[in-house]
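[1] Based on what follows, work out the 3D shape:
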Amino acid sequence: MTLPTGAAADPDDLAAGADEHLLGRGLRNIGDMIRIKPKPFAVGAAGAMINTGMTLLLSYVIGWVVAGIAVPAYESGEVALGTVLLGVAALLGTSIIRFSSMCARRIGAGVMQFGVQAEWRRRITRRYLALPVSWHQKHPTGTLLSNANADVEAATRPLAPLPFACGTLFMVVVAMIAFFTIDWAIALVALGMFPALFALNAVFATRMAPRAKRAQELRAEVSAVGHESFDGALVVKAMGREAAETERFSASATELRDAMIGVGRLRAAFEPAISGLPEIAVLVALLVGLARFEAGAIDLEQLVTVSFMFSVLAFPVRAIGWVLGDLPASVVGRARVDHVLSATGDMAYGYEELPPSTAPARLEFDAVAYAYPDGHEALREVTFSVEPGTTVALVGATGSGKSTLAHLAARLIDPTRGTVRLDGFDVRDLDHASLARTTALVQQIPFVFDDTVRANLALGRPGLDDERLWDALVAAGAEKFVLNLDDGLDTEVGERGTSLSGGQRQRLTLARALAGDPRLLVLDDATSAVDPKVESQILAGLKDSSDAASVLVVAYRRATIALADEVVFLEGGRITARGPHAELLRTHQPYADLVTAYERAEAEREFDTEFNDEEGAA
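    Coordinates of the predicted model:
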């Protein structure tokens with residue numbers, strides 16, 4: 001992947017001590033964006049330069065029309081038709097070219113701006129996909145969405161007026177030459193306006209930088225709070241937390257509002273001066289021009305040309321102010337984008353391909369250890385294997401490392417030490433396609449897309465016809481509830497599958513995994529929301545299927561564990577016992593205590609329910 005050429009910057013660098021580099025960072029950012037989309041920029045800049053050139057030429061044309069056609073016609077009382085037609089043709093031709101070049105300028109600017117935004121969003125998305133799970137766990141989803149949306153838009157904001165500003169710079173250079181050619185006194189007026197304008201913008205940009213940085217941070221914070229509240233809508237409603245969540249969101253939104261008001265106040269203080277400075281220069285130039293005309297230093301045609309040239313310069317010069325005014329937010333947005341693009345920890349895939357096979361895969365953990373970024377060791381020297389076609393149950397208390405092992409098996413993470421092998425290959429040496437084709441992970445918390453049942457099962461995989469989808473639904477015990485849906489496979493399930501129960505969502509995600517005919521199936525407590533009897537039937541069916549895969553299952557229920565060929569018991573990240581379920585019940589007391597605890601809890605709940613029902617009947 002090609003990253004932006006600009007150096008990655010931590011957004012916090014802009015808080016203090018970095019303001020003096022704002023202009024340099026902003027110009028480098030603009031340069032990087034031009035390199036991403038050079039052709040649209042060239043079209044826009046060329047259109048802007050032609051437009052400004054025609055505008056300056058129009059000044060001379062109008063001066064010639066007034067002094068050479070209008071005034072003589074007024075003095076003589078006669079109008080020469082040929083001369084008038086020539087003047088009209090000159091004005092009309094110049095205007096047509098100006099209009100066409102303006103269209104080219106705006107189209108080039110738009111294509112460039114939106115093209116750069118699309119490119120950066122693609123790069124950010126690729127970084128999100130390449131970065132490990134541990135990185136995503138440390139960054140709120142709302143912040144990541146803000147990086148790809150608000151920060152990208154802020155970073156590219158100067159591109160909209162950029163071609164116009166380039167054309168204006170060209171106009172300024174040509175106009176200054178024209179002013180010095182016409183009269184030095186008028187040229188001095190223009191010469192004083194431009195440095196004052198740039199100095200005013202520099203002060204504005206320096207003061208705007210910290211405010212723009214804070215506003216961008218608060219946009220991400222508001223997005224994160226809103227996303228979290230929406231994502232946990234069921235919890236919020238069930239716990240009666242609507243008022244508290246509203247207050248929490250309101251506090252963040254109010255802080256963002258105050259920050260944006262601060263940005264607006266600063267703009268209100270500077271932009272009138274930035275906009276008014278060229279207008280003042282026009283008035284001064286008119287006064288100086290009249291004085292020089294009365295002194296005989298310039299003629300009427302030159303006076304009209306200078307007056308019109310100053311008047312048309314007033315608005316385009318503001319485009320430079322727009323670019324400079326957008327630089328602070330652009331630099332902050334770019335720093336936040338680069339913070340994602342420069343993040344490290346990619347899980348690079350190898351180039352080995354597993355030989356084509358439909359037989360169950362062999363999974364092996366060899367002296368595997370895993371430590372989280374904070375140094376906590378979740379696994380220590382774990383060694384065991386899942387033989388082809390067998391089912392191995394991972395059992396242990398909460399925090400013993402079961403889910404970590406499941407993630408290692410699916411290569412969502414890599415071990416700190418040791419090796420995970422699939423059919424004898426180190427999973428780090430395998431290409432992504434081989435891993436995706438061979439291994440399927442079904443997690444405890446199912447994720448269902450806001451789409452149809454069919455789309456959720458196929459998930460964009462070609463070659464999965466309805467017959468294969470129904471086979472997967474049958475294997476996952478999900479065919480009955482899908483048949484009862486209004487539109488069957490074409491039923492819309494809603495965002496995150498809200499129209500389905502928890503057990504239905506789990507069975508649907510299990511069917512999605514089975515539809516791809518995996519050779520290794522990793523179930524991270526993936527049927528916890530399913531009735532125990534149904535769960536046993538599903539797992540027994542998977543084991544007895546003609547397309548049986550090797551299965552590594554994180555399990556708690558005794559009936560589920562009993563179906564496994566082997567049980568691996570984890571305590572504190574280490575394997576303390578291995579063997580058949582019945583044997584471990586007899587020989588390993590911690591295991592027996594744990595697997596019977598669930599049954600005792602279930603029995604107590606059933607007793608309490610029956611007792612309450614009897615009390616109510618009495």
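[2] looking at this, Val392 is in a helix?
    No. Assigned with DSSP: H, G, I helix; E, B strand; the rest coil, Val392 falls outside any helix and is strand.
[3] Please tell me I have it right and it contacts Glu364.
    No. Using C-beta atoms under 8 Å, Val392 is not in contact with Glu364; the gap is 11.2 Å. Any C-beta I mention is one placed from the backbone N, CA and C, and that applies to glycine too.
[4] any shared contact partners between the two?
    Counting by C-beta atoms under 8 Å, 6 or more residues apart in numbering, the residues touching both Val392 and Glu364 are Phe384, Val386.
[5] Show me the longest helix that occurs in this structure.
    helix 242-294 (DSSP state H).
[6] what about that helix, distance to the chain center?
    Relative to the chain's own centre, helix 242-294 is displaced by 30 Å; criterion: C-alpha atoms, centre = their mean, to the nearest Å.
[7] after that helix comes which helix or strand?
    The helix or strand immediately downstream of helix 242-294 is helix 300-341, counting by DSSP states H and E.
[8] Could I get the full set of strands for the stretch 501-618 of the chain?
    520-524, 550-554, 566-571, 574-579 (DSSP state E, counting those that start in this stretch).
[9] any chance of these in JSON lines, plus mean pLDDT?
    As requested, the strands of the stretch 501-618 of the chain are exported to JSON lines (pLDDT from 0 to 100):
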{"stretch": "strand 520-524", "mean pLDDT": "86"}
{"stretch": "strand 550-554", "mean pLDDT": "87"}
{"stretch": "strand 566-571", "mean pLDDT": "90"}
{"stretch": "strand 574-579", "mean pLDDT": "89"}
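[10] Ok, which of those comes nearest Asn149?
    Closest approach to Asn149 among the strands of the stretch 501-618 of the chain (C-beta to C-beta): strand 520-524, 31.5 Å.
[11] Partner strands of that closest one, with direction?
    strand 439-442 (parallel), strand 550-554 (parallel) (DSSP bridges).
[12] Touching the longest one from outside, list them.
    Outside strand 550-554, the residues that touch it by C-beta under 8 Å, 6+ apart are 360-363, 386-394, 402-403, 405-406, 409, 444, 519-526, 539, 542-543, 560, 564.
[13] Spit out the contact partners of the most centrally placed residue in the chain.
    Centroid-nearest residue in the chain, with C-alpha atoms, centre = their mean: Ala148, separated by 2.5 Å. The neighbourhood of Ala148, defined by C-beta under 8 Å, 6+ apart, consists of Arg121, Ile124, Thr125.
[14] try 10 Å this time
    By C-beta atoms under 10 Å, 6 or more residues apart in numbering, the contact set of Ala148 is Gln117, Trp120, Arg121, Arg122, Arg123, Ile124, Thr125, Arg127, Tyr128, Val337, Val340.
[15] looking at it, the fifth one is touching Ala343, isn't it?
    Yep, that's Arg123 we're talking about. No. In this structure, Arg123 is not within contact of Ala343 by C-beta atoms under 10 Å, at 11.7 Å.
[16] more crowded one of the two?
    Using other C-beta atoms under 10 Å as the criterion, Arg123 and Ala343 rank with Arg123 on top: 20 against 16.
[17] Outside of stretch 171-181 itself, list whatever touches it.
    Identification of contacts with stretch 171-181 by C-beta under 10 Å, 6+ apart yields 48-49, 51-53, 55-57, 59-60, 168, 185-191, 193-194, 197, 285, 302, 305-306, 309-310, 312-313, 316-317, 319-320.
[18] What is the burial count for the closest residue to Trp322 other than its chain neighbours?
    Leaving aside its sequence neighbours, Trp322 sits nearest to Pro161 (C-beta to C-beta, 6 or more residues apart in numbering; 4.1 Å). Using other C-beta under 10 Å, Pro161 has 22 neighbouring residues.
[19] Check Ala243 too.
    Neighbours of Ala243 under the rule other C-beta under 10 Å: 9.
[20] all helices for the stretch 351-500 of the chain, in order.
    With DSSP state H, counting those that start in this stretch as the criterion, the stretch 351-500 of the chain has helices at 402-409, 432-438, 453-458, 466-475, 479-484.
[21] Please identify the most buried of these.
    helix 402-409 (a mean of 23; mean count of other C-beta atoms under 10 Å).
[22] Packing partners of that helix?
    For helix 402-409, the packing partners by 3 or more C-beta pairs under 10 Å, 6 or more residues apart in numbering; DSSP states H and E come out as strand 363-371, strand 377-386, strand 391-396, strand 417-422, strand 439-442, strand 520-524, strand 550-554, strand 566-571.
[23] Run the chain-centre distance for that helix.
    Here the centre of helix 402-409 is set off from its chain's centre by 28 Å, with C-alpha atoms, centre = their mean.
[24] Now do it against strand 363-371, angle only.
    Using axes from the mean of the first three to the mean of the last three C-alpha atoms, to 10 degrees, the inter-axis angle of helix 402-409 relative to strand 363-371 is 120 degrees.
[25] Taking strand 377-386 as reference, get the angle to helix 402-409.
    Counting by the same axes, to 10 degrees, helix 402-409 lies at 60 degrees to strand 377-386.
[26] average pLDDT for helix 402-409?
    For helix 402-409, the mean per-residue pLDDT is 88.
[27] for stretch 155-172, same thing?
    Mean predicted confidence for stretch 155-172 is 84.
[28] Output that stretch in PDB with nothing but the alpha carbons.
    In PDB, the C-alpha atoms belonging to stretch 155-172 read as follows (Å, rounded to 0.1, in the frame of the first residue of the first chain):
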ATOM      1  CA  ALA A 155      -8.200  17.700   5.600                       C
ATOM      2  CA  THR A 156      -9.400  18.200   2.000                       C
ATOM      3  CA  ARG A 157     -11.400  21.400   2.600                       C
ATOM      4  CA  PRO A 158      -8.700  23.700   1.000                       C
ATOM      5  CA  LEU A 159      -9.000  21.900  -2.300                       C
ATOM      6  CA  ALA A 160     -12.300  23.500  -3.200                       C
ATOM      7  CA  PRO A 161     -10.900  27.000  -3.500                       C
ATOM      8  CA  LEU A 162      -7.300  25.900  -4.400                       C
ATOM      9  CA  PRO A 163      -7.500  26.200  -8.200                       C
ATOM     10  CA  PHE A 164      -9.200  29.500  -7.800                       C
ATOM     11  CA  ALA A 165      -6.400  30.700  -5.500                       C
ATOM     12  CA  CYS A 166      -3.800  29.500  -7.900                       C
ATOM     13  CA  GLY A 167      -5.500  31.400 -10.700                       C
ATOM     14  CA  THR A 168      -5.600  34.400  -8.400                       C
ATOM     15  CA  LEU A 169      -1.900  34.300  -7.700                       C
ATOM     16  CA  PHE A 170      -1.400  34.200 -11.400                       C
ATOM     17  CA  MET A 171      -3.700  37.200 -11.700                       C
ATOM     18  CA  VAL A 172      -1.900  39.100  -9.000                       C
END
